[in-house]
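Colleague: Let me see the structure of the following:
(2 chains)
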Amino acid sequence: SQQGEEDPQALSIQEGENATMNCSYKTSINNLQWYRQNSGRGLVHLILIRSNEREKHSGRLRVTLDTSKKSSSLLITASRAADTASYFCATDDFGNEKLTFGTGTRLTIIP
Amino acid sequence: GAVVSQHPSWVICKSGTSVKIECRSLDFQATTMFWYRQFPKQSLMLMATSNEGSKATYEQGVEKDKFLINHASLTLSTLTVTSAHPEDSSFYICSATPRDEQYFGPGTRLTVT
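Modeller: Numbers count the residues shown, from 1 in each chain, chains lettered A, B, ... in the order given. Predicted coordinates:
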């Protein structure tokens, strides 16, 4: 399977703390995307980082990409209860729009 | 932003019947749409790529005669689950790519009894 791995599988932190999730993938990529999914709902696009970028910020989100290690991390700073959700990374095969999703991290923010 | 809708949001059907799920891009045209399936507490698995005006491309292990895909226009793709069985119960999500980002519909929860 080409599915990426994410760790941790589950993460519980206190509100206000930072949350870090990691994603590893297996093939060469054009870009890597992070998505959030609330329970039983669709996916919300969070951020896209291209293969020639190393770091990207969007509000409280910080994403890094290390193509030599085929890994990415998502940092959520100053977490809020509303950040409770599952987070998935997704990569496209180089030159292909198809996405391969990671296994996901279930994040719980404790008020 | 790009908006993708799905209809219905949930459906319950009896074993042996067929169910059609619609995926629409509301504010952009999509020559390509994607259909994913997600089982509880699992990740999304790509089922097929829907191409406007041509046949869909199915991923390995996905039965094309069971999951019929029709991409009749630049804003609409449909997935029909034929002769549904309880093991087809799942969350089905479509997506489309107006630019580099892929935008997802809200999903359709199918329960086959």
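Colleague: sec struct for the residue nearest the centre of chain B, please.
Modeller: Centroid-nearest residue in chain B, with CA atoms, centre = their mean: B:Trp35, separated by 3.9 Å. Secondary structure state of B:Trp35, per DSSP: H, G, I helix; E, B strand; the rest coil, is strand.
Colleague: ok now do it, which residues does it touch?
Modeller: Contact partners of B:Trp35, counting by CB atoms under 8 Å, 6 or more residues apart in numbering or on different chains, are B:23, B:46-48, B:50, B:67, B:69, B:77, B:79, B:92-94. The way it works is simple: take the backbone N, C-alpha and C, and place the C-beta from them, glycine included.
Colleague: and chain A, which of its residues are near chain B?
Modeller: When proximity is defined as CB under 8 Å from any CB of the partner chain, chain A approaches chain B at A:3, A:30-31, A:33, A:35, A:40-45, A:48, A:50, A:88, A:90, A:97-104.
Colleague: Quick one, which of those are buried?
Modeller: Those of these that meet the buried threshold are A:30-31, A:33, A:35, A:41-43, A:45, A:48, A:88, A:90, A:98-104, by 16 or more other CB atoms under 10 Å in any protein chain shown.
Colleague: just checking: which of the contacts of B:Trp35 also lie near chain A?
Modeller: Applying CB under 8 Å from any CB to the contacts of B:Trp35, those adjacent to chain A are B:46, B:93.
Colleague: can you list the contacts of B:Trp35 in CSV and add pLDDT?
Modeller: Below are those laid out as CSV (pLDDT from 0 to 100):
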residue, pLDDT
B:Cys23, 96
B:Leu46, 94
B:Met47, 96
B:Ala48, 95
B:Ser50, 90
B:Phe67, 97
B:Ile69, 95
B:Ser77, 95
B:Leu79, 97
B:Tyr92, 97
B:Ile93, 96
B:Cys94, 96
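Colleague: Columns distance to A:Ala81 on top of the contacts of B:Trp35, output as CSV?
Modeller: Listed next are these as CSV, based on distance: CB to CB, whole Å:
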residue, distance to A:Ala81
B:Cys23, 31
B:Leu46, 32
B:Met47, 34
B:Ala48, 37
B:Ser50, 37
B:Phe67, 38
B:Ile69, 39
B:Ser77, 36
B:Leu79, 35
B:Tyr92, 29
B:Ile93, 25
B:Cys94, 30
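Colleague: Tell me where the model's unsure across the chain.
Modeller: Picked chain A for this. A:1-3, A:94-95 (pLDDT under 70).
Colleague: switch to chain B, that's the one I care about
Modeller: In chain B, residues with pLDDT under 70: B:1.
Colleague: and it, which residues reach chain A?
Modeller: By CB under 8 Å from any CB, the residues of chain B that approach chain A are B:6, B:32, B:34, B:42-46, B:49, B:91, B:93, B:95, B:97, B:100-107, B:109.
Colleague: In strands, which of the residues you listed appear?
Modeller: B:6, B:32, B:34, B:44-46, B:49, B:91, B:93, B:95, B:103-104, B:109 (DSSP state E).
Colleague: Please pick the buried ones from those residues.
Modeller: Using 16+ other CB under 10 Å, the buried ones in these are B:6, B:32, B:34, B:44-46, B:49, B:91, B:93, B:95, B:103-104.
Colleague: doesn't B:Val112 make contact with B:Lys14?
Modeller: Yes: contact criterion CB atoms under 8 Å: B:Lys14 and B:Val112 qualify, at 7.4 Å.
Colleague: Neighbour count for those two, which is higher?
Modeller: A count of neighbours by other CB atoms under 10 Å in any protein chain shown puts B:Val112 above the other of B:Lys14 and B:Val112, at 20 against 8.
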